[in-house]
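[1] Got a sequence here, can you build the structure:
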Amino acid sequence: MKNILKFPGLILRRAGQGIVYLKGLIFKNEQEIDPNKLYGEELVQELERVKQQSNEFKNVEEKKEEDYNVKLNSYRYVVRTDQGAIVKGIFDGKDEQAVRVFLSNEGYEILEIKKRDKYDFDINIGSGKIGTGDLSFALVQLGTYIKAGIPLIDSMRILAKQTSKPQLKRIYDKVIYELVLGEPFSVALEKQGKAFPSILINMVKTSEMTGDLAGTLDEMADYFTKTENTKKELISALIYPMVILIVVIAVLIFMVVYIVPQFVGMFESQGADLPAITKFVIGASDFIKSYWWAMILAVGTFLFTFIWSYKNVKEFRRTMQIVLMKMPVFGNVVIYGQVATITRTFSSLLNHGVFITDSMEILSNLTNNEIYKEILSRTLIGLSKGSKLSETFKGEWAFPVVAYEMLVTGESTGQLALMMQKVAEHFENLQHNATTALKSLLEPMVIILLAVSVGFILISIMVPMFDMYGQI
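    Numbers count the residues shown, from 1 in each chain. So this is what the prediction gives:
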């Protein structure tokens, strides 16, 4: 029993040793160990030093600290609409009077407002961000209303009343509340924390200076639609192989646990001399039946530890991302997708007059890939020292040569935004082709795995049976 309890820990320890070994193979003689570049904590400290010396970064951080971290109270309310429908919801405000005024201005008949106590909490699954699909739909609707001549506040009110998702309505109501107080739309979005992506906030901020809010919203809707379609394409490419893999595992467990034992008694009664392959399958069957709970515990522990480490341990996340990026076919899907997203976003930011340094900061917050975060951080440091943008990207293994050469061309010709758009389109096509290739590769591999596994078990049963019949 003591050894069984140690089994999950042994698996995790061996898995960690395997990852370290694999990391050593991957980093061997690779460009990312260039001693002239900063990595890890040295990169973080240098970037922090650059930000502290930059008045621009300092002012932004002070503004957010001063204006956006105001403590609000949360209230539950019950109101009646003009049509007589009863609506319940949650709203965050400075006090009850502020909530009452807001609900009255929205045309509701207030029935009850009650401050939430500390034990009254919501069970929300997710990070609090608006989903890409919901955001794209909302931007299309909002842009249409504004182009039809409906004021921004009224457009947001229509949007809030149309949604059937309580969490979305709560966010929209808080945006409306900020707009009623006289805040610009970009500030109202920014005050919602992580609900809205930084690229949208900066685009809206720029459009408020140019006066083309509707056009910006339409462009952002297209941007998020493309992002969502790319994500769905990758997921759809993986769903079928994953379903087949689950079926493979289920079939194998069924055969080992229920089919194989049916023949064990027959073999024992005949006193057959079992080959090694049959003994192995019978041993596996006995082990699964006896210690299935330990296997489930081990797998569950491994998955929990892996997911937790990926989310919370930066070095582990970075290592696993490099492993994925170095894998055949799948690595291309990751690299092409990251490059397409970064260059497409960079092009949009430049087209709206966002400074390059601000763009790099936005891009760094946009991606969850630690390799590209490091590239963008080194770019910020290089720009702060007066280097050209192309010089900061030179020699980065995760930034393909084609993208780098087009970056150099765009910078030298003054058409950087246009060239980045071309890069994004090119790598979007490459990602589509790589995703198709990945799907075409995974499907037969999983089917072959099923055939080999089932065949292995069948052979382990048939070989001793043929020997028995030969002795008759």
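
[2] tally of neighbours for the residue nearest to residue 446 when sequence neighbours are not counted?
    Excluding the flanking residues, the one nearest residue 446 by CB to CB, 6 or more residues apart in numbering is residue 244, at 4.4 Å. C-beta coordinates here come from the backbone N, C-alpha and C atoms, glycine included. Residues near residue 244, counting by other CB atoms under 10 Å, number 17.

[3] do residue 172 as well
    For residue 172, using other CB under 10 Å, the count is 23.

[4] Would you check that it makes contact with residue 166?
    No: with contact defined as CB atoms under 8 Å, residue 172 does not count as touching residue 166 (10.8 Å).

[5] that older thread, for the residue nearest to residue 446, list the residues it contacts.
    Listed by CB atoms under 8 Å, 6 or more residues apart in numbering, the contact set of residue 244 reads 443, 446-447, 450.

[6] SS state for residue 90?
    strand (DSSP: H, G, I helix; E, B strand; the rest coil).

[7] distance of it from residue 187?
    22 Å (CB to CB, to the nearest Å).

[8] Would you verify that the residue nearest to residue 446 is located in a helix?
    Yes: according to three-state DSSP, residue 244 belongs to a helix.

[9] Quick one: the helices in the stretch 51-200 of the chain, in order.
    55-67, 96-105, 132-147, 152-162, 166-180, 185-190, 198-210 (DSSP state H, counting those that start in this stretch).

[10] again with the stretch 251-400 of the chain
    260-270, 276-312, 314-326, 330-351, 356-366, 370-384, 389-393.

[11] out of those helices, which comes closest to residue 201?
    helix 356-366 (8.9 Å; CB to CB).

[12] And the contacts of that closest one?
    Contacts for helix 356-366 (CB under 8 Å, 6+ apart): 56-57, 197-199, 202, 341-342, 345-346, 349-350, 354, 373, 376-377, 379-380, 383-384, 389.

[13] Please could you give me each C-alpha atom of that helix, formatted as PDB?
    Taking C-alpha atoms only, helix 356-366 is exported to PDB below (Å, rounded to 0.1, in the frame of the first residue of the first chain):
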ATOM      1  CA  ILE A 356       5.400  51.700 -31.600                       C
ATOM      2  CA  THR A 357       6.400  51.500 -27.900                       C
ATOM      3  CA  ASP A 358       2.800  51.400 -26.800                       C
ATOM      4  CA  SER A 359       2.100  48.800 -29.500                       C
ATOM      5  CA  MET A 360       4.800  46.500 -28.200                       C
ATOM      6  CA  GLU A 361       3.400  46.800 -24.700                       C
ATOM      7  CA  ILE A 362      -0.100  45.900 -26.000                       C
ATOM      8  CA  LEU A 363       1.200  43.000 -28.000                       C
ATOM      9  CA  SER A 364       3.100  41.700 -24.900                       C
ATOM     10  CA  ASN A 365      -0.100  41.700 -22.900                       C
ATOM     11  CA  LEU A 366      -2.000  40.200 -25.800                       C
END
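
[14] Now for residue 422, how many residues are close by?
    Residue 422 has 17 nearby residues by other CB under 10 Å.

[15] Name the nearest residue to it, sequence neighbours excluded.
    residue 406 (6.5 Å).

[16] average pLDDT for the helix or strand where that neighbour lies?
    Element membership of residue 406, judged by DSSP states H and E, is helix 401-413. Mean per-residue pLDDT for helix 401-413: 91.

[17] now swap in stretch 39-58 and tell me
    68.

[18] Stretch 339-353 too?
    87.

[19] Kindly report the same for stretch 383-398.
    On average, stretch 383-398 scores 86.

[20] CA-only coordinates of that stretch in CSV, if you can.
    C-alpha atoms of stretch 383-398 as CSV (Å, rounded to 0.1, in the frame of the first residue of the first chain):
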residue,chain,number,x,y,z
LEU,A,383,13.6,50.8,-28.7
SER,A,384,14.3,52.6,-25.4
LYS,A,385,18.0,52.5,-26.3
GLY,A,386,17.4,54.0,-29.8
SER,A,387,17.6,50.8,-31.8
LYS,A,388,15.5,50.2,-34.9
LEU,A,389,12.5,48.0,-34.7
SER,A,390,14.0,45.5,-37.2
GLU,A,391,17.3,45.3,-35.2
THR,A,392,15.4,44.2,-32.1
PHE,A,393,13.8,41.3,-34.0
LYS,A,394,17.0,40.2,-35.7
GLY,A,395,18.0,36.6,-34.9
GLU,A,396,14.9,35.6,-33.0
TRP,A,397,14.3,31.9,-33.8
ALA,A,398,10.5,32.1,-33.2
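
[21] list the buried ones in that stretch?
    Judged by neighbour count (16 or more other CB atoms under 10 Å), stretch 383-398 contains these buried residues: 383-384, 389-390, 392-393, 396, 398.

[22] buried residues in stretch 323-333?
    323, 325-326, 330-333.

[23] Local confidence estimate at residue 281?
    Predicted confidence (pLDDT) for residue 281: 83.

[24] That one touches residue 459, doesn't it?
    No: Residue 281 sits out of contact with residue 459 when judged by CB under 8 Å, with a separation of 9.2 Å.

[25] Most neighbours among the contacts of residue 244, which one is it?
    residue 446 (19 neighbours).

[26] Please, which helix or strand holds that one?
    Short version: residue 446 belongs to helix 416-471, going by DSSP H and E.

[27] hmm, back to that, deepest-packed of the helices of the stretch 251-400 of the chain, please.
    helix 330-351 (a mean of 22; mean count of other CB atoms under 10 Å).
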